[in-house]
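Undergrad: need coordinates for the below:
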Amino acid sequence: GVRVYFHAILSKDFKLNPETHKVFIRAEGIFPYEDWKHNICELNCTKHLEEHGYLIEGTVTLAKANVDKYIPYKYCVIHGEEEYEYIYKYPVSSNYVNRCLFIKSTLLNNGEWHQYDDIVCTKPSTMKTIFNRISGNNNKEVVEGKIIAANIMLENIFSILGTWSPENMRSFIFQMRQFYNVTSHPWVCDGKEMPWTELNFGTQQVNDLLLKYMRKIALPFIAPGSAKALQENKVIKSKLGLGLTILTAVEILGLPAFKSDLADLCSLLCLDKVSPQAILDEINYIKKVFAGVTSLNVHLTNLCQRCIDDQVDQWVWIIPLLHFFTPPLQYDHLPMEEDVWAGLEGLPFAETRKKQDTGTLLQLMKEKRYLMDLDRTLVKSWICVLPLESLAIFIEDFSSGLLVTLQGVSYRLENIDLSWNSSKVVETLLKTLLCTLDEEQGRALEARSWQSCLNYCLKLHKMVCKYIKSGRWFMIPATSAMMISKVAKLQPTAVSRDAVQEISVVEVFDETLRDTRTWFRNALDKKLLKEYLEHVTFSFSWELRAWHEFVKISFPDEQFTERWKKTLLADLERRIQEESPVNQILGYCCQHHQFTQLDSSIGWCFCNCATEAVTAACQTQSNLLDKISSYNMGQFSQLVSTIIVKSWPIKSGQSGGDFDDILHHVLTWPDIKHVFSFNGTNTQLLEKLTGEAKDIMATADSVFTSVTDDMKKGCILVKHLEEILQHQEQLICIWEIKHQKLLSKDKGVLQELKELLQRRQEEVTLLRREKKAIGTFLSMCRKVQASVKVDVGEVEFQHLEDLRSKRLNRVVNVGERPLQTYYSLSPKLKEFAQKMHAFRNSLIFQQFWEEAAQKAGEEYESSGEEDEEEEEEEDSIVPVLDLDNVFSNLISPCFVSYERLYDDLRSGSLALSAVDKIFQEFTNHPEVIKTELNTICKLRPGEARDWVDQRFQQIQQYHEMHLTFDAAKIIADVKESLNLSGDFSVLENLLDITAKLESYKTQKLDSISPELMDAKRLLQGITVNRRGCLRELAQQKEFVCWVREALRDTNELKVFVDLASISAGENDMDVDRVACFHDAVHGYFSLLYELRQESGFEDFMHCLMKLWRALDSDENLPKKLVS
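TA: Coordinates of the predicted model:
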């Protein structure tokens, strides 16, 4: 059968006397008992509850047939008479309301069932019934009674664990389940069995009641200082035991829990700071108590899960307890998943890493630091649980093995998403690890651990090189590389360096170098330098420090250290050399101040590249020193020396060089001012320059001093003076640098130099001007030597001499005024030679020059004929003029004619016959006419030129008048051929004007009136081709008349052409003639058919437009008319 235990509280209202009165259970439907007459079970008073009455308990064995069925029952008190309890169920039913017993087979414990009832009450008095109806608060007292009873029952249940044993724990668990089932799902029989829903007392209320009770019994352990009174009443003496008991109850009943409850439970389950053996003994005992009853490791895992979900950080305190119940795998040198390594399998511990409040978890760990002594895996768990931001502090504050730390950090950095903040955190973390390695220097590492540490450092380096995209975080891969170096130095001395190990270490070094170079290539995704107008800057401000941090790393293997440094510097050198030569130099200079703070090899690398780039840079830039002058050039004297040497036109090993080349370089090299300043303001740099650079500076100074002295004396070579005058600003600049002290005392010396230059400028300018003018004079004389020869004497020899090689005082009266050159011409001839030079390109002037020469020759011939004594010669003799006669016989007549032309043009009185003579060659070149008119104005540059445009138009219109006259005559012929009688007065007037054109030859240029120009414009569109087209029509007068008379309209024309085509048959010649006829008539159609006999000039011009279009389409139209 089933043994049933009844537990209830009998109300004091029954006034029970335990000595004389009895309490029984009576029921319905329990075989073999008679319904409501037989006593099923007698209950005894087991405890006096003061104002609540008595705790009554009893037991009975029932047949199994009574399991899993609803049984109505009631408590019956016999004190002289029978009195059944009264069940306060509202609203009041007409039926008898009974309790309901339901023995659930799934909750039986070895055939036992505990029925936990509430308070057994008497029937209410009349007054109380009336009061309850008035107040409407009928169920409140019932619920309060249930709560009172439940707390008493819970105390009774927990008292089972006063003695710890597996049997008691089993009994406790099953009774808790039965209590929860009965209390959280109250049933009654009201005519039939039903849930007591009106009571509003169910699962939620029972959950609250249970949690409240468990908080009470846990309080002495959680807050012992404030619960001294409760200390003596501890039901369970072990804090850990109580915690596991509460955890078990929460788990088996599925109770909810607030965050504070979870934190308190974790506090209960946190191991105390006692000896490891004491902890182990207690846990072993607890395992025995709970063995076969429940799975504590599952409950602990579930608790951790709950805490993680609700962000209750105290769960990290119970990890050691979890490890005691589920020992994690411990293989330090084998690869495994992170959760296995950390002893946190099945837990989503990564969620805790996302906490915003990064300090809370770390503080909790610090509070329970001693736990690490009890559980060697705990450090791994905590490393994996902490937010990344707290990990560096944890490593600093908590002592843990190097291998464990490296393993943990390696797990944490796998697949990390590196933002700005997380990159900063990783940098701090790795720096902390590096400091940890420094502390490890004095500690011995076991060989296998050392090898693993080295491998994990390499793994870290690979990860950061892969995930760190931005070069600004260069310290992260640099630190991971340094870690490899540090761990390599920790190699145990007792370990034999066998071949396998050697290869392993070499491979680690090689991969470190390979990954580092790859990182640099990816991070440096821009050119080394950014160019601005006047300077360059580094594309990445951090780049030099990055190279420094990597290059300075040293490894225990000196050969690898050398290869490491050499390889990285070669990469840097290639990066530098990708820049233009000039930028290589500027890049070195702009960062020179940083090189003292960096590894010296970086500065040497930049210096070597800059020095090697000078040769190429000098090909494109001549002001390298100027570009670097804003920096302290004293810091890079070697570079300055190289620039001076490479910029010098005479290379090392050659002879002293050409003075001219050196002077040109001194006067054109923009950087020369810096070179001269080294002798003055920058003497410290001068001492650091190379000997070759100093020699060049001395040469430059010597050349400059020489030419300036010669210039003052006037004995300077003309070519040197012209070089100076071309670059006098540079000369003045150099002079100011050289004479700073003198200038500080006397400002006037600079003005004297400028005045000297001005005088030399005037002297050499006059010399060059006269040379050109004389050259023009000699050239003009040679042009007319067929008519007359000019004996120029030594002037031609003087002109042929190279002035550049002459000293100035040999060819000009230096220092005297007025200035005179050494050319053997009179001042008057020199004056007119200058004028001739101004008109050397004028075709009209040359025409007058040749006419003057011809006239002079003719006069010579006529004078020869009058000389009776002179014998006749077969060949004519060209007269010779000396320099004294050339002006009167040649120059003066030419200029007289040229000036007369100027006067006639300006006044408009030039005869048209003269226009024909002078401008005839320019008829088709109007631009030449315009040029000639502007050139002749140079005769009197002070006079206005407003007449030039008008004369240009008059001459042009005059030239075109011939064409207009030709077109007008052709139109008149066509008019006659077509027999037109309309108004052609405009054409007649034009013909009248142009017919008299020949008589106009004596007229002046001003006689080209606007009327004549307007008439000419009417016909200016009739080109040569168009005149030819009209001329053919005028010449075919008979054909025109026949066509107009025989074929009077287009229809007749079409019929005629069709008949002609038929008639032609297959005769090619006849077919061609018909085609020509068709094209010609259609081309000239507008004149043949659209003009009436009374049509005038306006209609005629209108029809011409159609003819021109036909001619444009078929340029052979006139030929076809002839054919």
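Undergrad: could you pull out the helices for the stretch 601-750 of the chain?
TA: Per DSSP state H, counting those that start in this stretch, the stretch 601-750 of the chain carries helices over the ranges 624-628, 637-647, 659-668, 672-677, 683-688, 691-713, 718-726, 728-738, 740-745, 748-783.
Undergrad: ok, the stretch 1-150 of the chain next?
TA: 126-135, 140-158.
Undergrad: again, but for the stretch 901-1050 of the chain
TA: 912-919, 926-936, 948-978, 985-995, 1010-1018, 1024-1035, 1037-1046, 1050-1064.
Undergrad: of all these, which lies closest to Phe325?
TA: helix 926-936 (112.0 Å; C-beta to C-beta). Placement of C-beta: from N, CA and C, glycine included.
Undergrad: that closest one vs helix 912-919, what angle?
TA: Orientation note: helix 926-936 sits at an angle of 100 degrees relative to helix 912-919 (axes from the mean of the first three to the mean of the last three C-alpha atoms, to 10 degrees).
Undergrad: would you map the strands across the stretch 151-300 of the chain?
TA: Along the stretch 151-300 of the chain, counting by DSSP state E, counting those that start in this stretch, strands occupy 187-190, 193-195.
Undergrad: helix, strand, or coil at the residue most central in space within the chain?
TA: Centroid-nearest residue in the chain, with C-alpha atoms, centre = their mean: Lys526, separated by 9.9 Å. Classification of Lys526 by DSSP: H, G, I helix; E, B strand; the rest coil places it in coil.
Undergrad: you'd agree it is up against Thr537?
TA: No: taking contacts as C-beta atoms under 8 Å, Lys526 lies outside contact range of Thr537: 11.8 Å.
Undergrad: in this structure, what helix or strand scores lowest on average pLDDT?
TA: The least trusted helix or strand in the chain, going by mean pLDDT, DSSP states H and E, turns out to be helix 228-231, with a mean of 51.
Undergrad: next up, the contacts around the nearest residue to Gly634 once chain neighbours are set aside.
TA: The spatial neighbour of Gly634 that comes closest, neighbours along the chain excluded (C-beta to C-beta, 6 or more residues apart in numbering), is Leu685 at 4.6 Å. Leu685 makes contacts with 633-634, 637, 640, 678, as judged by C-beta atoms under 8 Å, 6 or more residues apart in numbering.
Undergrad: tell me the domain ranges of this protein?
TA: 1-200, 202-397, 401-523, 525-621, 626-745, 764-863+880-898, 914-1021, 1031-1122 (automatic domain parsing).
Undergrad: JSON lines for the helices of the stretch 901-1050 of the chain, including mean neighbour count, mean pLDDT and distance to Val142?
TA: Below are these laid out as JSON lines (neighbours: other C-beta atoms under 10 Å; pLDDT from 0 to 100; distance: least, C-beta to C-beta, whole Å):
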{"stretch": "helix 912-919", "mean neighbour count": "17", "mean pLDDT": "85", "distance to Val142": "139"}
{"stretch": "helix 926-936", "mean neighbour count": "17", "mean pLDDT": "91", "distance to Val142": "127"}
{"stretch": "helix 948-978", "mean neighbour count": "18", "mean pLDDT": "82", "distance to Val142": "127"}
{"stretch": "helix 985-995", "mean neighbour count": "16", "mean pLDDT": "73", "distance to Val142": "135"}
{"stretch": "helix 1010-1018", "mean neighbour count": "15", "mean pLDDT": "67", "distance to Val142": "128"}
{"stretch": "helix 1024-1035", "mean neighbour count": "18", "mean pLDDT": "85", "distance to Val142": "130"}
{"stretch": "helix 1037-1046", "mean neighbour count": "14", "mean pLDDT": "82", "distance to Val142": "138"}
{"stretch": "helix 1050-1064", "mean neighbour count": "13", "mean pLDDT": "80", "distance to Val142": "127"}
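Undergrad: among those helices, which is nearest Leu905?
TA: The closest of the helices of the stretch 901-1050 of the chain to Leu905 is helix 948-978. By C-beta to C-beta, the value is 5.4 Å.
Undergrad: and the closest one, what other elements does it pack with?
TA: For helix 948-978, the elements it packs on are helix 912-919, helix 926-936, helix 985-995, helix 1010-1018, helix 1024-1035, helix 1037-1046, helix 1085-1089, judged by 3 or more C-beta pairs under 8 Å, 6 or more residues apart in numbering; DSSP states H and E.
Undergrad: if you count contacts, what does the first one end up packed against?
TA: The criterion is 3+ C-beta pairs under 8 Å, 6+ apart, and the helices and strands that helix 912-919 contacts are helix 892-907, helix 948-978.
Undergrad: swap in the fifth one?
TA: In this structure, helix 1024-1035 packs against helix 948-978, helix 1097-1113, helix 1117-1122, with contacts taken as 3+ C-beta pairs under 8 Å, 6+ apart.
Undergrad: which residue sits closest to Thr405 in space, ignoring its chain neighbours?
TA: Thr405's closest residue in space is Ile395 (C-beta to C-beta, 6+ apart), at 5.8 Å.
Undergrad: just give the number of residues close to that neighbour.
TA: 21 (other C-beta atoms under 10 Å).
Undergrad: the helix or strand where it lies: what's the following helix or strand?
TA: For Ile395, the host element (DSSP states H and E) is helix 388-397. Scanning forward in sequence from helix 388-397 by DSSP H and E, the next helix or strand is helix 402-413.
Undergrad: roughly how far does Ala1034 sit from Met1101?
TA: 16 Å (C-beta to C-beta, to the nearest Å).
Undergrad: now the residue lying closest to Asp983 once chain neighbours are set aside: how far from Ser985?
TA: Closest residue in space to Asp983, ignoring its immediate chain neighbours: Gly1096 at 3.7 Å, by C-beta to C-beta, 6+ apart. Distance, Gly1096 to Ser985, by C-beta to C-beta: 9 Å.
Undergrad: do the same with Ile40
TA: Counting by C-beta to C-beta - Ile40 and Ser985 are separated by 155 Å.
Undergrad: same check on Ile918?
TA: Using C-beta to C-beta, one gets 36 Å for the distance from Ile918 to Ser985.
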